[in-house]
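[1] Any chance you can model this:
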Amino acid sequence: MNIEKQIPSQLPMKKRQPNIRHPAGDALINGLLTCMVIPLRRLSPERLPPLSRFLGRAVYHLIKRYRNRVIQNLTVAFGKEKDSGEIARLAKEVFFNMTLTPLETIYAYLHPPERFLLKIEIEGEEYLRSALARGKGVIALGAHLGPFTLVGGRLSLKGYRFNLIFNEGNYPKLWKRLSDHQRRLGQNPFPLKPTPASLKKSLNCLHRNEILYLIADEQQRRGGVTTPFFGQAAFTPPGPAILSLKTGAPIVPMFMVREDGFIRKLAIGPPIKIEQTADFRKDIETLTVKLTGVIEDAVRQYPSQWAWLNRRWKRRAR
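    Numbers count the residues shown, from 1 in each chain. Prediction:
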C-alpha cells in the first residue's frame, strides 16, 4: 500500500469559490497586528487576560452568528450536564480564551523568551524523550486547545526540532508573518499545499527523528474517519494514524493549557497505542477513534479553552 496515496485523503478536497473579501481581510488582519505591536511591547504579561476579557465580551455580544454557534456546540456537548445559564457563562469564557490566544502568540514573539515562553512549565517531557529514543520521529497530536500556537516555540527553546504544517487558506500574508516568527525560534513551518510536497517534508522530518505537529480536531467531511466526539458522530482526519502506522512514529499528545487565565504548562501525555492487526484500514479507524478520545478528555478537562466555533459535527459531504 502506497503511503502517498493514503495521506492525501486526510486533506480537504472541496474547492471554495473565489471570494473578493479574502484579500481585504488578509490586509485588514495584518494591519491590526501591526497596530497591536506597539501596545503589546509595553504591556506586562499580567495585562493580557484583562484585555482579552474585554475583547472577548465585545465579540460575544456583537457577533451574534459566532455566539449562537458556540452556544449550539456547547449544548450538543454538555446539554445533558449543564443548564442554559451554565452554558451561556461557559460560552463567555470560550470567547475570552479565543481572543487571548492570538494576543499571547504575538506577545511571545515580540519579547525575549525568558519574559514569557520560558516561564511555561513542560509536564511529561519524559514521554517525549522516550518516544524520540525509538529513532522514528514523533507525531505530536495537537488540538485547538488553549494557546496551541506556542507549543512549537516552547519545545524549540528546549532544543527539539519541531515541524508543523500550516494551511494558509485565504490569509497568506498573515501566515507568512507568523511563519517568519516561528522560524526565528528554530521551528520549521511548511504549507499544506501542494500536498505531495508537504507529505514529502512530513516523512523526511520523521526520518530525521524530529517532531511533526498535527492538529486533528477539525471536521473533515471528505475522507474523514467517523469517530465519537462528545457522544456525536464526527468525521476526523486519519492523517496522524496513517503516518504513525506506516512509519512507526509514535503519536504523543501535546496540549498547552491555562490556569486562572495564564499559561501554566505544556502537558505532554504518553504515546497513544493500539494492537495492530492485519487489517490496515481497521487499524486506521481504531487509532483515529482512540486519539479523538484523548482530545475529548483534554477538552472536558479544559472546556472553555477549546475553539467551539469549529463545526465539529457538520454532516458528511456527498
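[2] what comes up buried for the helix or strand containing K282?
    Using DSSP states H and E, K282 falls within helix 280-301. Residues of helix 280-301 classed as buried by neighbour count (16 or more other Cβ atoms under 10 Å): 283-289, 291-292, 294-296, 298-299. (Glycine included, C-beta is placed from N, CA and C.)
[3] how far does that helix sit from the chain's center?
    Taking Cα atoms, centre = their mean, to the nearest Å, one finds helix 280-301 lying 15 Å from the centre of the chain it belongs to.
[4] again with stretch 242-249
    Worked out by Cα atoms, centre = their mean, stretch 242-249 lies 20 Å from the chain centre.
[5] in it, what's buried?
    For stretch 242-249, the neighbour count (16+ other Cβ under 10 Å) marks I242, L243, S244, L245, K246, T247, A249 as buried.
[6] which phi and psi does the last one have?
    Going back to what we said before, that points to A249. Phi and psi for A249, reported as degrees, to the nearest 10, are phi -70, psi 130.
[7] pretty sure T105 is touching L150, no?
    Yes - counting by Cβ atoms under 8 Å, T105 does reach L150; the two are 6.2 Å apart.
[8] Mind checking which of those two has more residues around it?
    More neighbours surround L150 than the other of T105 and L150, with 23 against 18 (other Cβ atoms under 10 Å).
[9] for the stretch 51-200 of the chain, which spans come out with low pLDDT?
    By pLDDT under 70, the weakly predicted segments of the stretch 51-200 of the chain are 169-171.
[10] For it, which segments are assigned as helices?
    Using DSSP state H, counting those that start in this stretch, the helices of the stretch 51-200 of the chain run over 64-78, 84-110, 125-132, 151-157, 172-184, 195-207.
[11] These into a markdown table, with extra columns for distance to F255?
    Output for the helices of the stretch 51-200 of the chain, formatted as a markdown table (distance: least, Cβ to Cβ, whole Å):
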| stretch | distance to F255 |
| --- | --- |
| helix 64-78 | 17 |
| helix 84-110 | 13 |
| helix 125-132 | 13 |
| helix 151-157 | 8 |
| helix 172-184 | 18 |
| helix 195-207 | 21 |
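[12] Quick check: pLDDT value at the spatially closest residue to Y160 that is not a sequence neighbour.
    Closest residue in space to Y160, ignoring its immediate chain neighbours: I211 at 5.8 Å, by Cβ to Cβ, 6 or more residues apart in numbering. For I211, the model assigns a pLDDT of 98.
[13] Kindly report the same for L33.
    pLDDT, read off for L33, is 70.
[14] That one is in what secondary structure piece?
    With DSSP H and E as criterion, L33 is part of helix 21-42.
[15] That's all I had, so thanks and see you.
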